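Colleague: using only what follows, build the 3D model:
(2 chains)
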2 protein chains.
Amino acid sequence: MDITKILTSFKIDPKSTLPMYLQIANCLAAKIIDLHIPSGTKLPPERILSQTLGVSRTTAINAYKLLEDRSLVSTKIGSGTYVTAAGSSPSPSIPWEQLFIPQYNSPLSSLLRTMVASPTAENAISLAAGMPDPALYPLDIIESAFKRSNYQLNAADFGHIHTEGYQPLRHSLSKWLVKTGVPSRPDNLLIVSGSQQGLYLIVKTFIEPRDYIVVESPTYLGAIQAFESAGARVLCLPQTNGYDLSMLEDYLVRYRPKLFYTIPTFQNPTGRVASLRERQDLIRLASRHRLVIIEDDPYSQLYYNQQPPPTLKALDTYGGVIYLGTFSKILFPGLRIGWVNAPHSVINRLAQEKQYIDLHSNNIAQTFLNTFLEEDYLPGHLNTVRTEYKKRRDTMANALKRYCGDYVNFELSEGGFYLWCTIAPPASPTELLRQSTAAGVSFVPGEAFYTNGAISREIRLCFATHNESRLAEGIRLLGRILASGCTGTPSASPSTGLPII
Amino acid sequence: MDITKILTSFKIDPKSTLPMYLQIANCLAAKIIDLHIPSGTKLPPERILSQTLGVSRTTAINAYKLLEDRSLVSTKIGSGTYVTAAGSSPSPSIPWEQLFIPQYNSPLSSLLRTMVASPTAENAISLAAGMPDPALYPLDIIESAFKRSNYQLNAADFGHIHTEGYQPLRHSLSKWLVKTGVPSRPDNLLIVSGSQQGLYLIVKTFIEPRDYIVVESPTYLGAIQAFESAGARVLCLPQTNGYDLSMLEDYLVRYRPKLFYTIPTFQNPTGRVASLRERQDLIRLASRHRLVIIEDDPYSQLYYNQQPPPTLKALDTYGGVIYLGTFSKILFPGLRIGWVNAPHSVINRLAQEKQYIDLHSNNIAQTFLNTFLEEDYLPGHLNTVRTEYKKRRDTMANALKRYCGDYVNFELSEGGFYLWCTIAPPASPTELLRQSTAAGVSFVPGEAFYTNGAISREIRLCFATHNESRLAEGIRLLGRILASGCTGTPSASPSTGLPII
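Modeller: Purely as a prediction, here's the structure:
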């Protein structure tokens, strides 16, 4: 790298409204950021810089000073000006952390973030994040849908649209929902940026600090987070053999909870399905108490044997069920499109909250999805993934029996993404995770799904992300670790320190 | 419509896990929703329904009952079952409004929502919403960028990504920002779902109820909303001839505001540009008081004469400027992609807040934008729109002089989207809006940009959305109304009742 050559390539315009020192600093900054000038490089003294560029000494001094303010260079007295190590953080003169308002800090939040952000390492086997397999993303269909829609691409569709969502998508989605047995009208749908946003909006609309809400236990950790971050007090309804309705009724009478959050179909993490009878009983109780139910339903289309019972929304006789859906598990998460299906007055208020957050969800994904639904690609795609995921579930189950039979107990899930396994003592789930992660296989320890710091002997294994041979390989490794011993006391606090991938 | 024919087309499967009444109700609901069975239709009596479908009478009764619960049909005693009028709202048994938590209800919120959602009526001329012209959206470039990127379409890019944004986009955006004179490193960028989300996250991070913040007055109404919805007390800094720094300093000493929100370049609504000197003076004062500045900068690339002075971010010597950018005005709003450029600790906290809201912004727009920047399409596109918008600005200005010269005063904006005009008394902006809207021309009355219910004689006209002939036509119409008289007392409360389109 010839620094003089770089300097002389700069186009400094004395007539620009940008002061010369700023132009020089920007040119240098660009070269430092794109690593043309590597960190540690000694920059020419100010005298040389001013000569090379034909500017005043003061201009050169000011340019370096600005770079220093931006933490891109540092000056060693008596030695010169050096490019700072790329990752080194600036020492701000604003004490930012002291300015931030107090924050609910869930021990789970970093866990979820790590899982979401996990750039699957080349050879790692992730049984952790509930992600569909990228190899099954219908990118070819999206592409051809895009090409086709091109002939009638309407620029107006890419401006601002209603906060409630792209109207044609609200219609096509409503039609599809009705076809699958979920009552819905376009007016009752709010398109959201992933069902996580639906949850967030519900929390913003219904939950004040110290409000009670009821959740199944264990349950989806993103939901626990969303509720706790709003200061809610979370009442747990243990899942043993279905909904414990007498305990729920006791909660309703005693604490008057704002809502009940449930995943009735292929539950996360347990994979459980509530029976039709259970659902009807729940609706009857909820109706009597005017209990608002949040039905989170990412998985019901991913059934591997028979179709699951109707949704709570379909059975709702009293208008109290708010239904959350998403395309993340059946298509791909990067769409960031989900929906809330609720009475119109609820949709209206949620839309007001959403307006502050992002005005509306992105149009590109919404127009794609509309074409996808309109041209009826979804049933074929669902058949493909159901067939594939069923094979993977069976492969994982067989591998578990073969390699971990002495240490692991589970029931076969009839749909969704997960096997929920109990580890026999003295093996410790946390120690298993520590050793397996080091060997390149990750999963989520059961404790991440409990709000109350319960001690858990369970682990959640996702069978959707990898192909059969990788799954078998991963389970074989878990078996080897279990056989070689991985004892320890199950920890009661989530192990946020552990890398999940 | 032959109702019997429709009924016999239903595929009722007695072996399905869906109860028969639910299958029937869903089939009927689908036909009612897609208007195959129009509202007002009398449905066959339960006896006939059960015969036609070969189900029990009870099943037929339950099916109708469920449709009634869903407000799709209503029963008139002694007369029969009728399909409900499509738009009629159900009478919920849950008193939803009473369950919602108290909400900040800005008189402006419905205004902004109407503007955003405005489906531009066929022949209406909207000088209201700050929207780029759909005819200028670079959809062809996006399309070819998409086609090209196809050859290396990476499925992993469409799964979950970092909350902070798609890494390649953070890099290409950072490079582009540096090129335009905004200091930036990938680590200092958070990709957000439109700059509205950036504002929202900043509010979530910094503002507690009763905190003070300072804004220019007038200013962008979405920002006022975001601050007030968090319970902030808003101090107004009148814009007369630049920043009134002595008043700002008085505010800083007296109220210790959390932050100062400003749009220094082609301000919304006034079109004003703060001079280099003003900016340096502001930074000096802010640095002395460790004042956090939110620099909102949607317009600086849309200059029509010379390049504007460097951003506050570029001049920031104390590390206290948080910079908001967006692609909505320079490309198109439907991308829903903006960015926050801030010190790393701020980005980190904002990302935590964002994670609760939507995990991350949509990948499709992010990968598109990355290709767009990587392949350097942006400079060419910017040239195109600068040339076009400059012509439109001049056309609007000339039309104003020609048709409204006696009634309207304004200064030519050197960039951005707006002309900020003062209406001479006795004409009333509100009355002008009422009459012009009825005639198909809309704009935003000035009062929408003041927090304090100030009486305003101003109006904001957007020259970006329509072509020159439509602009001239719109202004001519305003001139005609002004000439024919539209007096009235300027109202001090935002006129939310008025349709903006």
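Colleague: contacts only, for the closest residue to residue A:14 other than its chain neighbours.
Modeller: Spatial nearest neighbour of residue A:14, excluding adjacent residues (CB to CB, 6 or more residues apart in numbering or on different chains): residue A:20 at 6.6 Å. For glycine as for every other residue, the C-beta is placed from the backbone atoms N, C-alpha and C. When contacts are counted by CB atoms under 8 Å, 6 or more residues apart in numbering or on different chains, residue A:20 touches A:12, A:14, A:55, A:59, A:63.
Colleague: tell me how many other residues surround the first one.
Modeller: So that's residue A:12. With neighbours defined by other CB atoms under 10 Å in any protein chain shown, the count for residue A:12 comes to 16.
Colleague: measure it to residue A:47 for me?
Modeller: Per CB to CB, to the nearest Å, residue A:12 is found 17 Å from residue A:47.
Colleague: same question, residue A:279
Modeller: Between residue A:279 and residue A:47 the distance is 81 Å, computed by CB to CB.
Colleague: more neighbours: which of those two?
Modeller: The neighbour count for residue A:279 versus residue A:47, taken as other CB under 10 Å, is higher for residue A:279 (25 against 11).
Colleague: per-residue pLDDT of the more buried one, please?
Modeller: For residue A:279, the pLDDT comes out at 95.
Colleague: so it belongs to a strand, correct?
Modeller: No: counting by DSSP: H, G, I helix; E, B strand; the rest coil, one finds residue A:279 to be helix, located in no strand.
Colleague: doesn't residue A:310 make contact with it?
Modeller: Yes: shown here, residue A:279 and residue A:310 form a contact pair, counting by CB atoms under 8 Å, at 7.3 Å.
Colleague: show me the shaky parts of chain A.
Modeller: Applying pLDDT under 70 to chain A flags residues A:85-92, A:103-122, A:142, A:145-153, A:452-454, A:488-501.
Colleague: show me how it divides into domains.
Modeller: Annotated domains of chain A cover A:3-83, A:110-135+A:380-484, A:140-376 [automatic domain parsing].
Colleague: can you give me the end-to-end distance of the longest one?
Modeller: Between the start and the finish of domain A:140-376 there is a gap of 15 Å, counting by CA to CA, to the nearest Å.
Colleague: I'd like the distance from it to the chain centre, please.
Modeller: 15 Å (CA atoms, centre = their mean, to the nearest Å).
Colleague: from the stretch 201-350 of chain A, which residue is nearest to chain B?
Modeller: residue A:334 (3.2 Å; CB to the nearest CB).
Colleague: phi, psi of that residue?
Modeller: phi -70, psi -10 (degrees, to the nearest 10).
Colleague: could you find the closest non-adjacent residue to it?
Modeller: Nearest one to residue A:334, counting by CB to CB, 6+ apart, is residue B:363 at 3.2 Å.
Colleague: can you pull the contacts of the one you found?
Modeller: A:334, A:335, A:336, B:157, B:158, B:159, B:161, B:166.
Colleague: among the contacts of residue A:20, which ones are in helices?
Modeller: A:59, A:63 (DSSP state H).
Colleague: state the pair within the contacts of residue A:20 that is farthest apart.
Modeller: Farthest pair in those (CB to CB) is A:14 and A:63. Separation: 14.2 Å.
Colleague: same drill for the two, tell me which one is more crowded.
Modeller: residue A:63 (28 against 8).
Colleague: for the more buried one, give its distance to residue B:476.
Modeller: 52 Å.
Colleague: check residue A:47 too.
Modeller: Applying CB to CB, the value for residue A:47 to residue B:476 is 63 Å.
Colleague: just residue A:28 next, same as before
Modeller: Counting by CB to CB - residue A:28 and residue B:476 are separated by 52 Å.
Colleague: and if you look at residue A:58?
Modeller: 54 Å.
Colleague: now swap in residue A:231 and tell me
Modeller: When residue A:231 is compared with residue B:476 (using CB to CB), they lie 56 Å apart.
Colleague: do the same with residue A:375
Modeller: The spacing between residue A:375 and residue B:476, counted by CB to CB, is 45 Å.
Colleague: before we move on, what about residue A:455?
Modeller: Where residue B:476 is concerned, residue A:455 sits at a distance of 77 Å (CB to CB).
Colleague: pull the distance from stretch A:450-462 to the chain's centre.
Modeller: Distance, stretch centre to chain centre, for stretch A:450-462: 19 Å (CA atoms, centre = their mean).
Colleague: buried residues of that stretch, list them for me.
Modeller: For stretch A:450-462, the neighbour count (16 or more other CB atoms under 10 Å in any protein chain shown) marks A:450, A:451, A:454, A:456, A:457, A:458, A:459, A:460, A:461, A:462 as buried.
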